[in-house]
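Visitor: Fold the following for me, if possible:
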Amino acid sequence: MGNRAFSFPQAPDRARALGEIHARPYVLVNSPRVIFQLAFMMDGGSGVDHAVMAEMSRQRGVTPPGRDARHHAMAWGPGTLRWEQHTEFSTWFWDGPLPEKFGGEVTTHPFGDGFQPPGSLISGIRLEIRPDDAQVPAAIAAFDPASLCYSEVKDGQAVIYTDFRQNGDGLTQILVVDRGLTPLGTGALTQRLLEIETYRTLAMLGLPLAQTLSPEIRRIEDGLTGITQQMKSEAREEADRMLAEITRLAADLEANAALALYRFGASRAYYGIVQERIKTLSETAIPGFETLGSFLERRLAPAMRTCQSVEERQANLSRKLTRANGLVRSWIDVELERQNGALLSAMNRRAEMQLRLQQTVEGLSVAAISYYIVGLFGYLAKAVSHDILPVDPAVLTGFFVPFAVVAVWYVVRRIRKGHES
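Guide: This is a model prediction of the structure:
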């Protein structure tokens, strides 16, 4: 079999679909290590984000990422800077040597004064991977005991500590105590922890929007309640005003629903990712402490239910407004039918009057035309010599009158029947 035995035409997106599964491999992380990851919203679009990464690459003498590239890596000092674009945000990951003290200053990272952020910061994480030595108790003491999460993962090969609070730099601090992890296992665990913190923040973006929309939904609900109460007491004469009010409320509701459609959908997706990543951690609870999964579930689940509740209220309210709109429109349709019936009756009366007037005019027209024809015939009879026609012209004219009237009537009748057909 030759090397090109299966060189069939390729589907346009086959290479991209196959490459995507290998596009985000776990980073090999050697312990001990400190990791910074920042997530920025792509406020100015993916082009701005790409331009920042390209400029940083050129400054370091590295080939910038291609125009369509969504991830890129390059050496930066004693560590590696990794950039990756997602749907609405990008992540900037850097790992470097571990400082002696937990939370100690790191001066070699790329996010210093010269760094130009590509957008607004949505998530910032400082993750330290330390050996299980005498420094660990002091590191644990840096966390808030009121929200400290502590659990074992990978069958006791690592211990995780975090309080999900931000330090002085605005970063969430996470401590991983290495008890025998491999570089690949460390990389996998690190990526899951970074994704949990990043996606749980993005999932929570739906909550402020839900809290903002709730008073608006309540206002629209009150407005609809007022209209339905009026429908019980005020009949059709107020239908036009009520229809205008329902239309205004429906427009406000649809505008808010359109605003929230993407955000609530994204929050559900991010929440699902957080749940999946927590499940893959396979945490073992430590008596007296919460695991990351239980802590986040207690706080994320109510927020997600709030977003879901707002969505359901919007959907239910939309259906109620549609029913109220239909009721008012039925009143208006009945009124229009009544008006149309009255208009048709008036038109019938006018048509009958026009018919009678037409018949009267036809009679007068027959008389007038017959008069003129008889007159013309009389002039013609007088002009004929008595030698040719020995009859008195007056007698001849009088004899012609019935024939003229019948002929004119017949012609007018034929013309009217032609118009009717």
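Visitor: Who does residue 176 form a beta bridge with?
Guide: Beta-bridge partners for residue 176, by DSSP bridges, are residue 129, residue 160.
Visitor: could you pull out the strands for the stretch 51-200 of the chain?
Guide: Listed in chain order, the strands of the stretch 51-200 of the chain (DSSP state E, counting those that start in this stretch) span residues 71-76, 79-85, 89-96, 121-131, 149-153, 158-166, 172-178.
Visitor: Please list all residues in contact with the closest residue to residue 105 other than its chain neighbours.
Guide: Leaving out its chain neighbours, the residue that sits closest to residue 105 by C-beta to C-beta, 6 or more residues apart in numbering is residue 99, at 6.7 Å. All C-beta spots, glycine's among them, are computed from the backbone N, C-alpha and C. By C-beta atoms under 8 Å, 6 or more residues apart in numbering, the contact set of residue 99 is 34, 105, 106.
Visitor: Go through those residues and say which is closest to residue 205.
Guide: Distance to residue 205, by C-beta to C-beta, is smallest for residue 34 among the contacts of residue 99, at 27.6 Å.
Visitor: Please, which helix or strand holds the closest one?
Guide: Per DSSP states H and E, residue 34 falls inside strand 33-41.
Visitor: My read is that residue 78 contacts residue 94, right?
Guide: No - in this structure, residue 78 is not within contact of residue 94 by C-beta atoms under 8 Å, at 10.1 Å.
Visitor: Which one of these two is surrounded by more residues?
Guide: Using other C-beta atoms under 10 Å as the criterion, residue 78 and residue 94 rank with residue 94 on top: 21 against 10.
Visitor: my guess is that one meets residue 83, correct?
Guide: No - assessed by C-beta under 8 Å, residue 94 is found out of contact with residue 83, at 9.8 Å.
Visitor: Where does pLDDT dip in the stretch 1-150 of the chain?
Guide: Where the stretch 1-150 of the chain drops to pLDDT under 70, the residues are 1-5, 19-26.
Visitor: do that again at 90, thanks
Guide: The stretch 1-150 of the chain contains residues with pLDDT under 90 at 1-31, 43-47, 60, 66-71, 77-79, 87, 100-101, 103-109, 112-116, 132-135.
Visitor: all helices for it, in order.
Guide: Along the stretch 1-150 of the chain, the stretches classed as helices by DSSP state H, counting those that start in this stretch are 14-20, 46-59, 136-140.
Visitor: Name the stretch among these that sits most buried.
Guide: helix 46-59 (a mean of 17; mean count of other C-beta atoms under 10 Å).
Visitor: now that helix, how far from the chain's geometric center?
Guide: Offset of helix 46-59 from its chain centre (C-alpha atoms, centre = their mean, to the nearest Å): 30 Å.
Visitor: Return the list of helices and strands in contact with the helix or strand harbouring residue 333.
Guide: Secondary-structure assignment from DSSP H and E places residue 333 in helix 292-383. Judged by 3 or more C-beta pairs under 8 Å, 6 or more residues apart in numbering; DSSP states H and E, the packing partners of helix 292-383 are strand 149-153, strand 158-166, helix 183-203, helix 206-233, helix 239-281, helix 393-420.
Visitor: which other residues reach the first one?
Guide: Which is strand 149-153. Outside strand 149-153, the residues within contact range by C-beta under 8 Å, 6+ apart are 158-164, 189, 281-286, 289-292, 295.
Visitor: which among these end up buried?
Guide: Buried positions within the contacts of strand 149-153, assessed by neighbour count (16 or more other C-beta atoms under 10 Å), are 158-164, 189, 281, 283, 290-292, 295.
Visitor: which among these gets closest to residue 368?
Guide: Of the buried ones among the contacts of strand 149-153, the one sitting nearest to residue 368 (C-beta to C-beta) turns out to be residue 164, at 104.5 Å.
Visitor: If I look at the closest one, what pLDDT would I see?
Guide: If you check residue 164, the pLDDT there is 93.
Visitor: Same question for the one 4 residues further on.
Guide: At residue 168, the predicted lDDT confidence score is 89.
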